[in-house]
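K.L.:
dropping a prediction and its sequence here:
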Amino acid sequence: MEEASELAPVPLPRQARAAASGTRSTPVGHQDSEEFLQWLDRHILGRHPLMVQVRQSVARAAAEEWPVLITGETGTGKDLAIHAIHQGSRRRAKPLHVVTMGGLGDTAWSVLFGHRRGSFTGAVSDHPGLFSAADGSSLALEDVADMPLHIQPLLLRAIEYGAFRPLGALEESRSNVRVLTSSNVPLEQAVAEHRFRSDLFQRISVLRIHLPPLREHLEDLDSYVPHFLTRAHAEHRSAKQMSGSAMSALARYSWPRNVRELQGLIFRASVEVTASTIEGRDIERLIDRGSSEALPAARQGRPSMLSREVLVQVLETSRGNKRETARRLGISPGTLYSLMRRHKIYG
């Protein structure tokens, strides 16, 4: 087996080499940059400066080869940003590989780096793993904060040296993979809690893109709503329009599950509302129903497992009343305040 000292780090991207030498380099991304920018405008919507900055950051990341960390709350479109970066990169000819870390558990080593026959019970044949499958392409690791600690140094080595060892193998393998990661929790917090290695955090976040929550750019409802109404018509053959009162109801809501929640609500309204125009009362009814449906799921788990999105949603429907929020969630007010501090919910 090769030792770390015998391996050369993965070569710097062409832009980095050019910067180091003082020369300029042409972008390595999409062969038609103008075409790619138009694609971004059609798929990552919004005219608010925050969303303009997101598109600019995605375009820059697509033209680079560095690892990228995409952060943002659930439902803000991190998966779309990952696919956009790959779509605009010079690796786009090969398929993007995507895996969610939270669901891997003990299989993480095998899924990422592969295994050899007989390396564990049930390993009846060799398995290549995603780092082999994604050679020459990009690998997206969603919910990277959930990566088991014992896998993190292996990922660091794979990124730094392009080297990894399949489970049960004696020899290391090599691959050229660009790693894209996403997280809906602050990795700085995970590092402080010793759940995530600081050196790996620094390595995967050379380029960082943050997707803002919808509540911070509600002006973009004017872009999202027609887009989702058009999609709903295409999928369900239900041509609908949104009244002024409906748009006002949408703007008053805090959208704890962000753009994904907005899309789902508009799709439901397009199917359930029989009139050709969706009114404000229709939106309020669907929002109230969505909130009530979330409560049983919230009560099923331990209080510590309640997500920020659920807390914000129930606070919204309780009009900020903490005692009413705690009652609906089936927890004590003290537990609610503790959860609010943990998730940095103020007010």
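P.N.:
Structure's in. What do you need?

K.L.:
neighbours of G264, how many?
P.N.:
Using other C-beta atoms under 10 Å, the number of residues around G264 comes to 15. All C-beta atoms are positioned from the backbone trio N, CA, C, and that covers glycine.

K.L.:
which helix or strand contains it?
P.N.:
Taking DSSP states H and E as the criterion, the element that holds G264 is helix 258-272.

K.L.:
what are the contacting residues of that helix?
P.N.:
Taking C-beta atoms under 8 Å, 6 or more residues apart in numbering as the criterion, the residues outside helix 258-272 that touch it are 73-77, 213-214, 221, 224-225, 228-229, 231-233, 235-236, 238, 240, 250, 255, 278, 282-283, 286-287, 290.

K.L.:
give me the pLDDT for A4.
P.N.:
With respect to pLDDT, A4 has a value of 40.

K.L.:
returning to what we had before: what helices or strands is the helix or strand following the helix holding G264 leaning on?
P.N.:
With elements assigned by DSSP H and E, the helix or strand that comes after helix 258-272 is strand 277-278. Based on contacts counted as 3 or more C-beta pairs under 8 Å, 6 or more residues apart in numbering; DSSP states H and E, the elements that strand 277-278 packs against are strand 241-242.

K.L.:
just checking: what are the partner strands of the strand it packs on?
P.N.:
Taking DSSP bridges as the criterion, strand 241-242 sits next to strand 277-278 (parallel) in its sheet.

K.L.:
model confidence over the partner strand, on average?
P.N.:
Over the span of strand 277-278, the pLDDT mean works out to 96.

K.L.:
equivalent analysis for stretch 233-245, please.
P.N.:
Confidence over stretch 233-245, taken as the mean pLDDT, stands at 88.

K.L.:
stretch 56-76 now?
P.N.:
Per-residue pLDDT values across stretch 56-76 average out to 95.

K.L.:
can you give me the end-to-end distance of that stretch?
P.N.:
Chord length of stretch 56-76, first to last residue, is 17 Å (C-alpha to C-alpha, to the nearest Å).

K.L.:
which parts of the helix holding G264 are buried?
P.N.:
For helix 258-272, burial by neighbour count (16 or more other C-beta atoms under 10 Å) applies to 258-263, 265-267, 269-270.

K.L.:
one more: stretch 331-346?
P.N.:
Residues of stretch 331-346 classed as buried: 331, 336, 339-340, 343 (neighbour count, 16+ other C-beta under 10 Å).

K.L.:
okay if I get those as a markdown table plus pLDDT and secondary structure?
P.N.:
As requested, these are exported to a markdown table (pLDDT from 0 to 100; DSSP: H, G, I helix; E, B strand; the rest coil):
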| residue | pLDDT | secondary structure |
| --- | --- | --- |
| I331 | 75 | coil |
| L336 | 82 | helix |
| L339 | 83 | helix |
| M340 | 82 | helix |
| H343 | 77 | coil |
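
K.L.:
just the C-alpha atoms of the helix holding G264, please, in PDB.
P.N.:
Coordinates of each C-alpha in helix 258-272 appear next as PDB, following Å, rounded to 0.1, in the frame of the first residue of the first chain:
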ATOM      1  CA  ASN A 258     -38.700  27.700   1.700                       C
ATOM      2  CA  VAL A 259     -39.200  27.400  -2.100                       C
ATOM      3  CA  ARG A 260     -39.900  23.700  -1.900                       C
ATOM      4  CA  GLU A 261     -42.900  24.400   0.300                       C
ATOM      5  CA  LEU A 262     -44.000  27.200  -2.000                       C
ATOM      6  CA  GLN A 263     -43.900  24.900  -5.000                       C
ATOM      7  CA  GLY A 264     -45.900  22.200  -3.200                       C
ATOM      8  CA  LEU A 265     -48.500  24.700  -2.000                       C
ATOM      9  CA  ILE A 266     -49.000  26.100  -5.500                       C
ATOM     10  CA  PHE A 267     -49.300  22.600  -7.000                       C
ATOM     11  CA  ARG A 268     -51.900  21.700  -4.400                       C
ATOM     12  CA  ALA A 269     -53.800  24.900  -5.000                       C
ATOM     13  CA  SER A 270     -53.800  24.200  -8.800                       C
ATOM     14  CA  VAL A 271     -55.300  20.800  -8.300                       C
ATOM     15  CA  GLU A 272     -57.800  21.500  -5.400                       C
END
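
K.L.:
this completes my enquiry, with thanks.
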